[in-house]
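In: Following is a predicted model, sequence given first.
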Amino acid sequence: MFTWSIPGLVSSERPTIVWFRQDLRLADNPAWHAATMRGGPILPLYILDDGNAGAHRPGAASRWWLHRSLNALNGELGGFLHVRCGHADDLLPRIVAASGAGAVYWNRCYEPWRIRRDKGIREHLKRDGLQVRSFNGSLLYEPAAIAKDDGSPYRVFTPYWRNGCLAGPVQPRDVLPRPEKPGLMRMPGDAGLTVDALGLLPGIHWYKGIEAEWRPGERGARQRLDAFVEQGIAGYRQGRDRPDLPHVSRLSPHLHFGEISPHQVREAVLPLAETRQLDDDVDAFLSELGWREFSYYLLYHWPAITHENLQRKFDRFPWRDDPGALDRWQRGQTGYPIVDAGMRELWRTGYMHNRVRMVTASFLVKNLMQHWHHGEAWFRDTLVDADLASNSVSWQWVAGSGADAAPYFRIFNPVTQGTKFDPAGDYVRQYVPEIAGLPDRYLQAPWTAPPDVLAAAGVTLGDTYPGPVVDLKASRARALAAFKSLTPAV
């Protein structure tokens, strides 16, 4: 007989394993909720499965977040989280046998490698007589449920979101309450691993800035949502493009790790349209949630989008091989302040404002003509919200090679973008302090400042701050010529 965490409670039900993955929360967790409804003891389980993930294993910043989030979840579970490391398809059947479990529940994931793995695990466990149930705990609209009238998948966001989702037959479910006092069990005779033993944190403490910026875990996610509802969503439609203003939710890492669900977020913001007359702001914010949904939708229907151009003509694109330029972009030393501010914000905090992500990405793939694979890999390693679907789809969007992609000739000018969206220079001055003394009119283009202005601000181009890594006009023309070469002559 297994003992529960609640003294005196016993059950004839065989235990249920709840396999946590990208759903590190207890509220509005369908698998967790269903397990408590089934009755009997519950074994909470997390498996770090780098082997099956392969090249898609979490990057350094994500591993820091995962470490903190798992510790937070374990705290919420009173220390009952059973932690293992290895191939889940090998470990899970062994854990089932050792625990005597009669059921395994999990919430679905949509990355191609997880779909393949989970299908094999499901078939194995069912052959062994286990009850296996999976649930939607991560998306408002699951990819398989949304299609055009002819049954084919959407490739353009607006009709996908407006017609397929908002006006479609399948609508988001209600938020599930957090179960009270579920009966938990430990693995008999097996202490498993501690979260620390997973080795998610690097030996060098480079993440101090990230640590100061974020509070991973379900409680931190809820606090972040509450703060956004109170202070950020009013003015969101216009303010979301301003990196110097607080009109972004910063919920993306919490959503990625499942510390909060999109259903909870939707439920929190929808009433604001009526109670605070924020219709436009709420609609704009929900459409950003929609882009997250669309990214998973595209990944589900075109799983090769993580590494192959969806528009295959880009296979012929003449990308440049310039490690020096790539290094300057990564280190925030391009000589273009808004780009450098974004890249330094990323390195320091594990995050970058969305408008600046578009500017820095455009600069890499168009002005520097570096393959979008380089940008995707760097973001995957340095973002705390690194998400296979969103990262892959967004880089292809900027590169012009994906579904519903930005037209290739749309090349963001970092000077005009900085002037428009950081008009007082507060964002640039925060992350590029060596040019903070420049007057606003020269801040976004220091090389245009007269020598006496540079000297008064303590700026020496090429010494205290680099000159431009590339000429904007010439690099734009080069990129457009390269794109034109993909189009056969008529």
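Out: All right, it came through fine. Numbers count the residues shown, from 1 in each chain.
In: where in the stretch 101-250 of the chain is pLDDT low?
Out: By pLDDT under 70, the low-scoring segments of the stretch 101-250 of the chain are 191.
In: now the helices for it?
Out: With DSSP state H, counting those that start in this stretch as the criterion, the stretch 101-250 of the chain has helices at 112-127, 157-159, 208-213, 218-227, 236-239.
In: Show me what the helix ranked longest in the chain is packed up against.
Out: If you go by DSSP state H, the chain has its longest helix at helix 279-301. Applying 3 or more C-beta pairs under 8 Å, 6 or more residues apart in numbering; DSSP states H and E, we find helix 279-301 packed against helix 157-159, helix 236-239, helix 262-269, helix 272-275, helix 388-399. (C-beta placed from N, C-alpha, C; glycine too.)
In: for these, which one ends up most surrounded?
Out: Among the helices and strands packed on helix 279-301, ranked by average contacts under mean count of other C-beta atoms under 10 Å, first place goes to helix 388-399 (a mean of 24).
In: neighbouring contacts of that helix?
Out: Here helix 388-399 makes contact (C-beta atoms under 8 Å, 6 or more residues apart in numbering) with 56, 110-111, 252, 291-292, 294-296, 298-299, 305-307, 309-310, 314, 357-358, 361-362, 365, 372, 375-376, 379-380, 383, 402-406, 408.
In: circling back to that earlier point, quick check: mean pLDDT of the longest helix of the chain?
Out: Here helix 279-301 scores 97 as its mean pLDDT.
In: roughly how far is that helix from the heart of the chain?
Out: Offset of helix 279-301 from its chain centre (C-alpha atoms, centre = their mean, to the nearest Å): 13 Å.
In: ditto for stretch 303-319
Out: With C-alpha atoms, centre = their mean, you get 22 Å for stretch 303-319.
In: How far does that stretch stretch from one end to the other?
Out: One end of stretch 303-319 sits 23 Å from the other (C-alpha to C-alpha, to the nearest Å).
In: what sits up against it?
Out: Taking contacts as C-beta under 8 Å, 6+ apart, the residues outside stretch 303-319 that touch it are 56, 112, 298-299, 302, 369-371, 373, 388, 392-393, 396, 399-403, 405, 482-483, 485-487.
In: ok, and for that stretch, which residues are buried?
Out: With burial defined by 16 or more other C-beta atoms under 10 Å, the residues of stretch 303-319 counted as buried are 303, 305-306, 309-311, 314, 317, 319.
In: again with stretch 458-477
Out: Using 16+ other C-beta under 10 Å as the test for burial, stretch 458-477 gives 459, 461, 465-466, 468-470, 472, 475-476.
In: Now tabulate those residues in JSON lines and tack on secondary structure, distance to residue 273 and pLDDT.
Out: Output for the buried residues of stretch 458-477, formatted as JSON lines (DSSP: H, G, I helix; E, B strand; the rest coil; distance: C-beta to C-beta, whole Å; pLDDT from 0 to 100):
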{"residue": "459", "secondary structure": "coil", "distance to residue 273": "47", "pLDDT": "98"}
{"residue": "461", "secondary structure": "strand", "distance to residue 273": "49", "pLDDT": "97"}
{"residue": "465", "secondary structure": "strand", "distance to residue 273": "45", "pLDDT": "98"}
{"residue": "466", "secondary structure": "coil", "distance to residue 273": "46", "pLDDT": "98"}
{"residue": "468", "secondary structure": "coil", "distance to residue 273": "44", "pLDDT": "98"}
{"residue": "469", "secondary structure": "coil", "distance to residue 273": "45", "pLDDT": "98"}
{"residue": "470", "secondary structure": "coil", "distance to residue 273": "44", "pLDDT": "98"}
{"residue": "472", "secondary structure": "helix", "distance to residue 273": "41", "pLDDT": "98"}
{"residue": "475", "secondary structure": "helix", "distance to residue 273": "43", "pLDDT": "98"}
{"residue": "476", "secondary structure": "helix", "distance to residue 273": "40", "pLDDT": "97"}
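In: Let me know the closest of these to residue 257.
Out: The closest of the buried residues of stretch 458-477 to residue 257 turns out to be residue 469 (C-beta to C-beta; 34.8 Å).
In: all strands of the chain, in order?
Out: Taking DSSP state E to define them, one finds strands in the chain at 16-20, 42-48, 82-85, 103-107, 131-135.
In: just checking, what packs against the fourth one?
Out: Secondary-structure packing of strand 103-107 (3+ C-beta pairs under 8 Å, 6+ apart): strand 16-20, helix 30-38, strand 131-135.
In: Check the longest one too.
Out: Counting by 3+ C-beta pairs under 8 Å, 6+ apart, the packing neighbours recorded for strand 42-48 are strand 16-20, strand 82-85, helix 88-99.
In: for the ones you listed, which one ends up most surrounded?
Out: Counting by mean count of other C-beta under 10 Å, the most buried of these turns out to be strand 16-20, with a mean of 26.
In: Not counting its own residues, what contacts that one?
Out: Residues from elsewhere that reach strand 16-20 (C-beta under 8 Å, 6+ apart): 31-32, 35, 38, 40-47, 73, 81, 88, 92, 95-96, 99, 101-106.
In: Quick check: residue 331 vs residue 344, distance?
Out: As judged by C-beta to C-beta, to the nearest Å, residue 331 and residue 344 stand 8 Å apart.
In: What of residue 377?
Out: According to C-beta to C-beta, residue 377 and residue 344 sit 19 Å apart.
In: ok, these two, which is more surrounded?
Out: Higher neighbour count among residue 377 and residue 344: residue 344, with 20 against 15, using other C-beta atoms under 10 Å.
In: just checking, the more buried one touches residue 432?
Out: Yes - the pair residue 344 and residue 432 qualifies as a contact (C-beta atoms under 8 Å) at a distance of 6.8 Å.
In: So for the two, which residues contact both of them?
Out: Common neighbours of residue 344 and residue 432, counting by C-beta under 8 Å, 6+ apart, are residue 332.
In: thinking again about what came up before, deepest in the core, which of the helices and strands packed on strand 103-107 is it.
Out: Among the helices and strands packed on strand 103-107, strand 16-20 has the highest mean neighbour count (mean count of other C-beta under 10 Å), at a mean of 26.
In: Relative to that one, what are the paired strands and their orientations?
Out: Strand 16-20 sits in its sheet next to strand 42-48 (parallel), strand 103-107 (parallel), going by DSSP bridges.
In: Now do the shared contacts for residue 331 and residue 344.
Out: By C-beta under 8 Å, 6+ apart, no residue touches both residue 331 and residue 344.
In: Pick out the most distant pair among the buried residues of stretch 458-477.
Out: 459 and 476 (25.6 Å).
In: TSV please, covering the helices and strands packed on helix 279-301 and showing distance to residue 176.
Out: As requested, the helices and strands packed on helix 279-301 are exported to TSV (distance: least, C-beta to C-beta, whole Å):
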stretch	distance to residue 176
helix 157-159	28
helix 236-239	27
helix 262-269	8
helix 272-275	22
helix 388-399	24
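In: returning to what we had before: show me how to select, in ChimeraX, the buried members of the contacts of stretch 303-319.
Out: Buried subset of the contacts of stretch 303-319, written as a ChimeraX selection, criterion 16+ other C-beta under 10 Å:
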select :56,112,298,299,302,369,370,371,388,392,393,396,399,400,401,402,403,405,482,483
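In: distance between the ends of stretch 74-83?
Out: 10 Å.
In: What mean pLDDT does it get?
Out: 96.
In: List the contacts of it.
Out: Residues from elsewhere that reach stretch 74-83 (C-beta under 8 Å, 6+ apart): 5, 20, 26, 43-48, 70, 73, 95, 184-187, 192-195, 197-198, 217-218.
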